[in-house]
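[1] Turn this into a model:
(one chain, ligands or ions: 1)
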Amino acid sequence: MSKKLKVAVIGVGGIAKTHMPGWAASPDAEVVAGADVSANALQEWGKTNGVTRLFADPYEAIHDPEIDVIDICVPNMFHAPLAIAALDAGKHVLCEKPLAPTPSDIRNMIAARNRSGKMLMTAQHFRFAGVSRAMKREIDLGVLGDIYHARSWMLRRNLMIPTVGFTKKSLSGGGPCIDSGVHVLDLTLWLMGNPKPVAVTGTAKNMLSQKPGQFSVLRPGAMPPPDDFDVEDFAAAFVRFENGATLVLEVSWFLHHDTMGEDMQIWLYGTEGGAHWPKAEILNTNYQTQQLYNRTLKLTKDTMEPHALECVEFARAIAEGCPSPVPAEASLQVISILDGIYRSQREGREVAI
Ligand SMILES: NC(=O)c1ccc[n+]([C@@H]2O[C@H](COP(=O)([O-])OP(=O)(O)OC[C@H]3O[C@@H](n4cnc5c(N)ncnc54)[C@H](O)[C@@H]3O)[C@@H](O)[C@H]2O)c1
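    Predicted coordinates:
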């Protein structure tokens with residue numbers, strides 16, 4: 001490719017910092033601009049990264065003719081309007097997770113992508129970890145047979161980012177379902193081959209966040225007041241898929257679970273074998289010798305953080321004319337399930353997806 005894609009980062013806070021090494025390493029793209037509603041954050045980020053094209057208004061970056069790619073790193077509720085405007089302005093879009101908090105937002109984003117013919121990718125960085133890629137390659141060889149059940153969870157004990165971008169529904173769209181559920185569910189569905197979900201029974205409740213003295217180990221003493229914490233702190237679900245497979249999902253920010261940080265695991269069960277993430281373990285049975293055996297996949301050391309690699313792979317896909325490495329249709333499946341959990345909680349029954 002003769003010319004590098006010119007990237008503008010919108011929202012230069014916490015997660016944007018993890019994208020910068022990827023853009024710096026990419027042979028296909030480079031960051032030339034940033035936008036943020038916080039002037040201080042923007043100035044500091046510009047100085048740190050040597051970027052001088054700085055916009056207080058993200059829509060100015062979107063309409064800048066020099067820009068090819070918009071990297072959206074703002075709170076969840078702004079993802080859809082910014083992505084749609086960017087796609088309509090002819091830009092490729094890499095968007096932080098969740099792609100958007102509701103299925104209808106994502107459908108609108110897919111329509112904008114189809115109108116523009118540009119790339120839209122969700123930043124699901126767990127897919128870019130070496131262990132995930134090795135397991136996906138192995139599973140795609142058929143070593144599990146038909147996967148008919150999965151269990152996955154991302155359980156945190158007093159671990160969450162205690163800012164309104166995460167805890168206020170009008171900004172985040174939801175609690176750990178939307179924040180953590182998108183990670184573990186996207187990875188689980190991808191490993192399963194993205195079967196179509198058809199029904200979900202779920203619960204989403206806030207049981208512990210309002211306890212006097214409650215705290216997050218990330219920032220003790222910084223819990224938002226109750227009015228600014230109106231999302232669930234725990235959720236669980238049972239999901240049915242069109243192919244007959246089922247899934248049990250659990251997520252939390254607060255839970256009396258035996259972990260000092262985060263416990264994220266995925267178990268897959270198939271007709272020929274099982275698998276565990278992140279142990280990269282494949283479990284099979286030799287029925288002739290009546291032996292049970294497990295093997296651990298050989299992994300090469302990751303040379304780049306998954307957050308960075310996702311940027312490299314996004315730009316490579318554009319440069320080489322490949323499909324989006326994380327298509328919006330996969331994110332629509334994920335958010336349809338999570339939205340189903342909230343609906344099931346409200347209606348007290350299984351709901352169709
Ligand atoms: N992939 C991951 O592991 C991961 C981890 C954390 C956050 N995230 C996602 O990244 C996004 C941002 O989270 P964060 O932790 O970086 O938040 P943050 O608060 O650290 O940074 C967000 C930045 O966006 C700016 N901003 C807010 N509204 C804006 C707007 N309308 N236009 C322009 N700038 C705006 C803020 O001033 C801030 O600088 C969220 O969608 C979150 O879900 C992903």
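
[2] check contacts around residue 255.
    Residues in contact with residue 255, defined by CB atoms under 8 Å, 6 or more residues apart in numbering, are 155-157, 208, 233-234. For glycine as for every other residue, the C-beta is placed from the backbone atoms N, C-alpha and C.

[3] Next: residue 134.
    By CB under 8 Å, 6+ apart, the neighbours of residue 134 are 280, 297-299.

[4] ok, back up a step: tell me which two of the contacts of residue 255 sit farthest apart.
    Maximum pairwise distance in those, criterion CB to CB, is 12.6 Å, between 155 and 208.

[5] quick one: which of those two has more around it?
    Set residue 155 next to residue 208 and count neighbours by other CB atoms under 10 Å: residue 155 wins out with 23 against 16.

[6] which helices and strands does whichever strand or helix holds that one pack with?
    Using DSSP states H and E, residue 155 falls within strand 147-156. With contacts taken as 3 or more CB pairs under 8 Å, 6 or more residues apart in numbering; DSSP states H and E, strand 147-156 sits against helix 182-192, strand 246-252, strand 262-270.

[7] For the second one, the averaged confidence score.
    In other words, strand 246-252. Average pLDDT, strand 246-252: 98.

[8] got a list of contacts for that strand?
    148-157, 176-177, 180-181, 184-185, 188, 192, 233-241, 337.

[9] Return the members of those residues classed as buried.
    With burial judged by 16 or more other CB atoms under 10 Å, the buried subset of the contacts of strand 246-252 is 148, 150-157, 176-177, 180-181, 184-185, 188, 192, 233-241, 337.

[10] any idea how far residue 70 lies from residue 213?
    42 Å (CB to CB, to the nearest Å).

[11] Mind checking which of those two has more residues around it?
    residue 70 (27 against 5).

[12] what residues does the stretch 51-200 of the chain put near the ligand?
    With CB under 6 Å from any ligand atom as the criterion, the stretch 51-200 of the chain comes near the ligand at residues 58, 73-76, 78, 96-97, 123, 125, 161, 163, 165.

[13] check contacts around the nearest residue to residue 264 once chain neighbours are set aside.
    Excluding the flanking residues, the one nearest residue 264 by CB to CB, 6 or more residues apart in numbering is residue 154, at 4.5 Å. Residues in contact with residue 154, defined by CB under 8 Å, 6+ apart, are 176, 180-181, 183-184, 250-252, 262-264.

[14] try 10 Å
    126, 176, 179-185, 187, 249-253, 262-266 (CB atoms under 10 Å, 6 or more residues apart in numbering).

[15] next one: residue 84
    62, 93, 100, 105, 108-109, 111-113, 115-116, 120.

[16] nearest to the ligand, of the residues you listed?
    residue 100 (9.6 Å; CB to the nearest ligand atom).

[17] so how many other residues sit close to that closest one?
    Residue 100: 28 neighbours (other CB under 10 Å).

[18] before we move on, could you check phi and psi at it?
    phi -160, psi 160 (degrees, to the nearest 10).

[19] show me the biggest helix of this structure in terms of residues.
    Longest helix in the chain by number of residues (criterion: DSSP state H): helix 328-347.

[20] and the closest residue to residue 72 other than its chain neighbours, helix, strand or coil?
    Among residues not flanking residue 72 along the chain, residue 95 sits closest, at 4.3 Å (CB to CB, 6+ apart). Put simply, residue 95 is strand when judged by DSSP: H, G, I helix; E, B strand; the rest coil.

[21] Residue 82 is in contact with residue 95, correct?
    Yes - with contact defined as CB atoms under 10 Å, residue 95 reaches residue 82; the gap is 8.1 Å.

[22] So if I had to pick from these two, which one is more boxed in?
    Shown here are residue 95 and residue 82; by other CB under 10 Å, residue 95 has more neighbours (27 against 21).

[23] List the beta-bridge partners for the more buried one.
    Counting by DSSP bridges, residue 95 forms beta bridges with residue 72, residue 122.

[24] Pull the contacting residues for it.
    10, 70-74, 76, 79-80, 82-83, 86, 109, 120-123, 326, 328, 331.

[25] How about residue 181?
    97-98, 152-154, 174-175, 204, 235, 237, 249-251, 334-335, 337-338, 341.
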